[in-house]
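Asks: Just a sequence and a predicted model for now, questions to come.
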Amino acid sequence: MGIEEAGQLDVLKDLGCDQGQGYLFARPGDAAAAALLAPAILGRRGGGRLRAEPPSSVIP
């Protein structure tokens, strides 16, 4: 599940949550957008290998 409304964000902030994802921040991209972003993401992580990492979206 993701954060869709400002009220949900407020509740999570009050609970001490400082990370989140969802429609409130960005709409899902299509396959073409993912294909364009993948090389930049893989290059940033080094070695071209995917690793499990915690989400990087920080709640403002």
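Replies: Now that the structure is in, tell me what you want to look at.

Asks: what about the helices in this protein?
Replies: 6-14, 31-45 (DSSP state H).

Asks: chain center to stretch 3-20: distance?
Replies: Its chain's average C-alpha position is 14 Å from that of stretch 3-20, according to Cα atoms, centre = their mean, to the nearest Å.

Asks: Low-confidence ranges, this structure, go.
Replies: By pLDDT under 70, the weakly predicted segments of the chain are 44-60.

Asks: rerun at 50
Replies: In the prediction, the chain carries residues with pLDDT under 50 at positions 47-48, 50, 52.

Asks: Grab the nearest non-local neighbour of residue 22.
Replies: Nearest non-adjacent residue to residue 22, counting by Cβ to Cβ, 6 or more residues apart in numbering: residue 2, 2.4 Å away. Placement of C-beta: from N, CA and C, glycine included.

Asks: Spit out the contact partners of that neighbour.
Replies: Residues counted as contacts of residue 2 (Cβ atoms under 8 Å, 6 or more residues apart in numbering) are 20, 21, 22, 23, 24.
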